[in-house]
Each structure stands twice: as C-alpha cells, then as structure tokens.
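Q: All I have is the shape, not the residue letters:
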C-alpha cells in the first residue's frame, strides 16, 4: 500500500503557510501598461540543480541542457507537437544511400551573440571536434556524455562550402538527426569565440545564437538570461526581458515559492498539483509523452569485456563487477519483483490516472521497434500476483525473501520519484523483500557508483526521457553511457548488428528483436509512460508548448508566452 507516504504529502501542504511566512520578496510587482506582460523577468522554479558548467562535455548529461535552451541552438529541433526532427541551424538534411553519410545545408545569416559573426560550416567542424577529438587544442577536460557514442559515430565532417557539410559516419547512422538535435548534447558554440578568447569564455560570456543571451550564473542559486537586442532569426520577438532559472530539490519550499509569487512555474507531485489547481494555478503538460518511470536493478553486469572491439570496456570495464550473490541476477527474482508491484494502485494514487503503462524501457508505440503483442503478454509475465511472486522467489532459492537497498533521490520531470520508491518498497515487503532506503545525492553518490558498475545490491528509480530507440539501447544496455541497466553479450551483439542496418524496415525488425529480448529477461521493473506536468501562474504565463524530450526534457523555454490581459489566462 502507498498510504503512509500520502499522509506525508498532506503534512507538506499544511506546512506551506509557515514556509510562505519565511520567504522574502513577497511584495506585489509593479503592473506595466495593458497589453504587455505583467513582469519583465520570468522565474522558473526547477527541481534539479544544473551543472555548474556551460560546457556540456564536463560530466555531461542531456538532462541538464535546459540551461542552454534559451541561448543556444542545435542543428535539428525536436518538434513540439509531433516529436519529429525539424531543421534548425540546419536548413535541410539528406541521408545518402547506405546510411553512412548525411549532406546538410546550413542556415545563412544566423549571427552569434557578442559580435562573433555568422554561423557557418566551421562551427559544425569545431563543435564535432570538441566532442570527438581526444586531443582537441585548447580543451582541458575530456568529454563525457551518454550520447557521445552516437555523436562521434560521425568520423569526419567534410566542408563543401560555408553553408554545406557532409557528415561521414563509421557505421550506419540512421539516427544522426537525433544525436545532433535538441534532445542530445551537440550544442553549437562559436569557433570564433574559442579562437579569440579560449575555452574559459564559454563559461564567462558564452556566445550562442538563441533568442536570449547568457547574463550570469550564481553557483548553487540561479542562471540568468536576457532577451537579445533584436528579434530572433527563427522565433522572432520573445516575451520576457529576462529568464531566471532557479532550483530547489525540496518540494514544499519550491511550491511555497510559487504560491508567494517568487517563481512563476514549477514541478510538484500530482497531489500538490491538484491543490495548486484548486487555488487557481494552471496545469501545462508536455505535448507528448516525455519519459518513462522504471525501477532499475543494480548489478546486471553479465557481459564480457573485449578490448579489441571496446565491448564493455567503458568506465573501468565489466570484468569482476558481477556479484552472483545479488538475488536479482536470477531472472526468476526479477520476474518475482515485477509481479509484486501493484501498478494499478500506483497509477491511481500517485499518478492520479495521468500515465500509461511502460512495457519495455526505451520503446514507444510511435517509434520504430514497437511490438503490439507486449500489451497482451504483459499481464501474465509482469502483472500483479503476490502469490506467484512468492512462488518464483522460492524457486530461485529465496523462500523467505531477502534484504537489499534502494537509493532515494529527486529528479527533474519526476516529482513523484521519491514517493514512488517508498511505495514500491512497501509492496515488495509484502512478498518478503526488505529494502533499506537511503536518501542519496544523485550526482555525488549515485551516479559515480552506477557509472563504475558498483551498484550491486541497490535498486533505483530511473526516468529515461523519450529518445530515439537505438540511443537508449546504447546507453542502458551496450555500456555507452552511465546507466548499465542490463548488459550481456547477446544484446550487445544485436546492437552491433543494428548499426550495420540501413533499410528502415530491417532496422525496425532488429529493434523489435532487441525489445523482445529485454522484455523476456525482465531487465527492469517497467512502470509508466508519463507527460511532464508543470504548474504555472496564469496571471503571468499564458502557455508553454514543449515536447517533453528536448532541452533537458522541458525545452523550448523561448516559447513560454506571457499572459497579457488583465484577467488570468485560461
């Protein structure tokens, strides 16, 4: 049952008036003339503190690219409504027969901030080299991000002219548009600025091409942007003079800041969201499913290293990391844990019915590789059945269950994550599995252990953003990121074969084979496909169209529109 945690949610609501009294800056803001936005500065109350670097290759993760979203651009945009890829700094893109190169024509006349001139082919060459040349002159830190494997599948950038390039890949790269889109980390910085001022300028006064200009960062407090002095080449005139990104991992003060007018939008769990709506606030959901919620098993390191092919050699390799004493290295235990989960209760109580089932992590019904039989097979293989769960545990050698650990941490786009893990622990206890819950810092504690394949005996919440399917497999199954969910030689071999497939139908079929392998091996505890929900002040904000899986999941910040009538916007 999940009721104990729900009582805590109501306590948090009761504490909000006290927190409100402790906040400063509660005075009403001056009202400008009719027809204009009611404030000049939009304040975003986010969950996760973002990286202390603007250089995305330092401890990189696309989850932190929201801090680049107002001021920087990519070659391709994730379309707000469809999820397809639109040209952005690219004007057009055409894949060659065989899928090993792409001819890309670039926009003309796009200017970098601070007078660094026009965006051209040299900037594409420069940004590719920043990520993929291990000895790039002037770059001090090595590059690290889960999608580097795909970005650097591009082996060479051929310059045709100032506004046309050909990207040559070392494998078939059907998903190149994803890897160079706003859902990934190949952000376009200015080569002219690098040449003139060096790497440090990317922190102190970075030059992008977006509608806003980076103004300042106060470590641990906020990142501030100001509107560019002229209308943007693509998006025109934007509504806010400034955008300020703040964060607080604690939910009650984050909500209290919204109520006090210290922020104009935030993410809160669905209990508090409903409370906010009753108070007159407005709910805005991502235009598409944005991410999935799963429970990942630490320690499924079944693969074998091969240094000649670099199979499972990242982050210290895989040899010696598997601990066979970890109960869920047995497939029957993984199935038992899945069948101990009452998903209907979690959906009703924590998600208020506003989610849909996840069947296989990283696979979506509108993307290649989807198998419609998963929905029919899921109840028998994964469905809630405590009696069957106990039987499976007994067959695996754990008739009395076992003890293990779980990490608790908040995550952007998933304000229910801590509550969810506590509820899952309660449900697992009913079949004899006792979890010791550890509140942990995601960046300082969890990610280093996960990255180095030292997460044995721990389960943890996972919130993979909706992405192209192959990058998810590379990230969580082929060792090319920090996730290391479920790694074995079979899935690695299928992934290698996938990268040689150029026919879209064959590519779809190979993805489906991989998906079925994951499904039949119970690689994770799959839970829900979810939209990201943002609560906004309707007196300040009119709308925010965002797809949910670009720019750190809640991108397109430059499309947040101001409420201009005197009355609140609906």
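A: Happy to help now that I have it. Note that the structure is predicted; figures quoted are calculated from it, not measured.

Q: Tell me which helix or strand residue 525 sits in.
A: In this assignment (DSSP states H and E), residue 525 forms part of strand 524-530.

Q: Give me the helices and strands touching that strand, please.
A: strand 291-297, helix 331-339, helix 343-349, strand 356-357 (3 or more C-beta pairs under 8 Å, 6 or more residues apart in numbering; DSSP states H and E). The way it works is simple: take the backbone N, C-alpha and C, and place the C-beta from them, glycine included.

Q: Could you dump those into TSV with mean pLDDT added?
A: Shown next, in TSV, are those (pLDDT from 0 to 100):
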stretch	mean pLDDT
strand 291-297	96
helix 331-339	98
helix 343-349	97
strand 356-357	98
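
Q: Residue 549 is nearest to which of the ones you listed?
A: Judged by C-beta to C-beta, the one of the helices and strands packed on strand 524-530 that comes nearest to residue 549 is strand 291-297, at 7.0 Å.

Q: Could you check how many residues crowd around residue 528?
A: 21 (other C-beta atoms under 10 Å).

Q: Wait, it touches residue 353, no?
A: No. Here residue 528 lies out of contact with residue 353, judged by C-beta atoms under 8 Å, at a distance of 10.6 Å.

Q: overlap in contacts of the two?
A: residue 347 (C-beta atoms under 8 Å, 6 or more residues apart in numbering).

Q: quick one: contacts of stretch 318-333?
A: 297-305, 312, 334, 337, 392-393, 395-398, 402, 404, 453-454, 456-457, 459, 479, 487, 521-522.

Q: can you check stretch 523-531 too?
A: Under C-beta under 8 Å, 6+ apart, the answer for stretch 523-531 is 285-286, 288-297, 300, 334, 337-338, 341, 343, 346-347, 351, 354-361, 364, 382, 414, 420, 424, 459, 462, 477, 485-486, 548.

Q: Let me know the average pLDDT across the strand holding residue 525.
A: The pLDDT scores in strand 524-530 average 97.

Q: That strand pairs with which strands, and in what direction?
A: Applying DSSP bridges to the sheet, strand 524-530 is found paired with strand 291-297 (antiparallel), strand 356-357 (antiparallel).

Q: now that strand: how far from the chain's centre is it?
A: Mean C-alpha position of strand 524-530 versus that of the full chain (C-alpha atoms, centre = their mean, to the nearest Å) differs by 15 Å.

Q: same thing with stretch 170-180?
A: That offset, for stretch 170-180, works out to 19 Å (C-alpha atoms, centre = their mean).

Q: is it true that residue 344 touches residue 384?
A: Yes. If you go by C-beta under 8 Å, residue 344 and residue 384 touch, sitting 7.0 Å apart.

Q: between the two, who's got more neighbours?
A: Comparing residue 344 with residue 384 by neighbour count (other C-beta under 10 Å), the higher total belongs to residue 384, at 16 against 12.

Q: Surely the more buried one and residue 347 touch.
A: No. Contact criterion C-beta under 8 Å: residue 384 and residue 347 do not qualify, at 11.3 Å.

Q: about what we covered before: most tightly packed of the strands paired with strand 524-530?
A: Comparing the strands paired with strand 524-530 by mean neighbour count (mean count of other C-beta atoms under 10 Å), strand 291-297 comes out on top with a mean of 25.

Q: Name the surrounding residues that touch that one.
A: Strand 291-297 is contacted by residues 328, 334, 355, 358, 361-362, 413-414, 416-417, 420-421, 424, 459-466, 483, 485-486, 523-530, 532, 548-549, 553 when judged by C-beta under 8 Å, 6+ apart.

Q: how far away is residue 360 from residue 471?
A: Residue 360 is 15 Å from residue 471, where distance means C-beta to C-beta, to the nearest Å.

Q: meant to ask about residue 166
A: Distance of residue 166 to residue 471, computed by C-beta to C-beta: 22 Å.

Q: Now list the buried members of the contacts of stretch 318-333.
A: 297-303, 305, 312, 334, 337, 392-393, 396, 398, 402, 404, 453-454, 456-457, 459, 479, 487, 521-522 (16 or more other C-beta atoms under 10 Å).

Q: In helices only, show me these.
A: If you go by DSSP state H, the buried ones among the contacts of stretch 318-333 have 334, 337, 392, 393 in helices.

Q: So what's the residue count around the residue nearest to the last one when sequence neighbours are not counted?
A: For residue 393, ignoring the flanking residues on the chain, the nearest one in space by C-beta to C-beta, 6 or more residues apart in numbering is residue 336 at 4.8 Å. Here the count is done by other C-beta under 10 Å, and residue 336 has 30 residues near it.

Q: Please list all residues in contact with residue 336.
A: Counting by C-beta under 8 Å, 6+ apart, residue 336 has contacts 388, 389, 390, 392, 393, 396, 431.

Q: Same check on residue 218?
A: Per C-beta under 8 Å, 6+ apart, neighbours of residue 218: residue 224.

Q: if I look at it, how far off is residue 42?
A: 17 Å.

Q: One more: residue 252?
A: 22 Å.

Q: between those two, which one's more packed in?
A: Legend: neighbour count by other C-beta under 10 Å for residue 252 and residue 42, higher for residue 42 (25 against 19).

Q: Quick check, that one in contact with residue 240.
A: Yes. Using C-beta under 8 Å, residue 42 is in contact with residue 240, at 4.4 Å.

Q: in the stretch 1-150 of the chain, which spans are strands?
A: For the stretch 1-150 of the chain, applying DSSP state E, counting those that start in this stretch gives strands covering 41-46, 76-78, 85-87, 90-95, 101-106.

Q: Would you reformat those as a markdown table and include mean pLDDT and distance to residue 213?
A: Listed next are those as a markdown table, based on pLDDT from 0 to 100; distance: least, C-beta to C-beta, whole Å:
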| stretch | mean pLDDT | distance to residue 213 |
| --- | --- | --- |
| strand 41-46 | 96 | 14 |
| strand 76-78 | 96 | 20 |
| strand 85-87 | 96 | 23 |
| strand 90-95 | 98 | 22 |
| strand 101-106 | 98 | 22 |
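
Q: Tell me which of these sits most buried.
A: The highest average neighbour count among these, using mean count of other C-beta under 10 Å, belongs to strand 76-78 at a mean of 26.

Q: For it, name the packing helices and strands.
A: Using 3+ C-beta pairs under 8 Å, 6+ apart, the elements in contact with strand 76-78 are strand 85-87.
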